[in-house]
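Q: I'll drop the sequence and a predicted model, then ask my questions.
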Amino acid sequence: MRLDRFLSVCAVATRSESKRAVRGGEVFVNGSAAKNADMQISPETDEVFFKGKRVEYRKYTYILLNKPEGYVSATDDPKEKTVLDLLPEEFRKKGLFPCGRLDKNTLGLMLLTDNGELSHRLLAPKSHVRKKYRFRSKFPVSREDAERFERGVTLEDGYVTKPAEIELLGDGDEGIITLYEGKYHQIKRMLDALGNKITYLERISFAGLELDENTLPRGEWRYLSESEQEELEKIAGISEIPNANI
Ligand code: URA
């Protein structure tokens, strides 16, 4: 594997950052300063140091993106801008894809990875991964509607949603919604079924990951930290819902 790819896979540096660090003599492979960022290394056996720190080999890449409005959750689209357009070109080549979908006009936390198994597990209907959304609606949500929402709502196609949570704020036309499943346009359809309409939707949490809006502006991305990766891999193997078989 190329050294710059290794550093990028291990969430240490992008390709251009790797090149700069190699030029500055800050990357060592088996005790010698690397001369070129495109040199070949063996990720399992070679010892790589980046800016004085040993780099632990990680097979997969995990990116947290603060998705803006107007981008579709796809890797490629003939007409629309995709969330991959917000990342450096190398991530496309690497096979990164969005883990789950947000609608074009939904904002917020999006996980992108090249780990197909993890993504499959997080999105499987039985995994019940927790997702939190900040919302605004056209009309205030009444107490009765909030209770219906929490019990389960019958959508226009007859599907009855799993129990969800809704916390109302202000005059009741905004708040936080928590889901444990992910059907197509689910929140919009749930509000439609209650005779209401979503006017703003932003995902603020997904599978234990939190959107840090103060440090990650809209449209920006970052690598997951090591502890976030470990937690995510743990969650991919377990269920978060209190009564997982509901
Ligand atoms: N529910 C929706 O309606 N849209 C989203 O993007 C996510 C959840």
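A: Great, that's in hand.
Q: The ligand contacts on this protein?
A: Within the chain, the positions lying close to the ligand (Cβ under 6 Å from any ligand atom) are 102-103, 106, 185-188, 201. All C-beta spots, glycine's among them, are computed from the backbone N, C-alpha and C.
Q: Run through this protein and note the low-pLDDT ranges.
A: 238-246 (pLDDT under 70).
Q: what domains does the record give for it?
A: 3-55, 62-125+215-236, 130-206 (automatic domain parsing).
Q: Can you redo the ones you listed as TSV, where the extra columns are mean neighbour count?
A: Formatted as TSV, these follow (neighbours: other Cβ atoms under 10 Å):
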stretch	mean neighbour count
domain 3-55	16
domain 62-125+215-236	17
domain 130-206	16
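Q: show me where the protein has helices.
A: Taking DSSP state H to define them, one finds helices in the chain at 3-9, 15-23, 89-93, 116-123, 143-151, 186-193, 226-235.
Q: Adding distance to residue 45, write the ones you listed out as a markdown table.
A: As requested, the helices of the chain are arranged in a markdown table below (distance: least, Cβ to Cβ, whole Å):
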| stretch | distance to residue 45 |
| --- | --- |
| helix 3-9 | 12 |
| helix 15-23 | 20 |
| helix 89-93 | 24 |
| helix 116-123 | 24 |
| helix 143-151 | 53 |
| helix 186-193 | 46 |
| helix 226-235 | 21 |
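Q: Find the nearest non-adjacent residue to residue 85, please.
A: residue 71 (6.9 Å; Cβ to Cβ, 6 or more residues apart in numbering).
Q: Start from the N-terminal end of this structure and give the strands.
A: 27-29, 32-33, 48-50, 53-54, 62-67, 97-98, 107-113, 131-137, 165-169, 174-179, 198-206, 209-210, 221-223 (DSSP state E).
Q: partner residues bridging residue 62?
A: Counting by DSSP bridges, residue 62 is bridged to residue 113.
Q: What distance do you get for the residue nearest to residue 85 to the ligand?
A: Here residue 71 is placed at a distance of 12 Å from the ligand (Cβ to the nearest ligand atom, to the nearest Å).
Q: Hmm, that residue is touching residue 87, no?
A: No - counting by Cβ atoms under 8 Å, residue 71 does not reach residue 87; the two are 10.9 Å apart.
Q: list the contacts for the residue nearest the centre of the chain?
A: Taking Cα atoms, centre = their mean, the centroid of the chain lies closest to residue 111, which sits 1.5 Å from it. Contact analysis of residue 111 by Cβ atoms under 8 Å, 6 or more residues apart in numbering lists 62-65, 98-100, 206-207, 209, 232.
Q: go on, residue 163?
A: So residue 163 contacts 150-152, 180, 246 (Cβ under 8 Å, 6+ apart).
Q: One more: residue 61?
A: Applying Cβ under 8 Å, 6+ apart to residue 61 gives the contacts 8-9, 11, 91, 94, 96, 113-115, 223.
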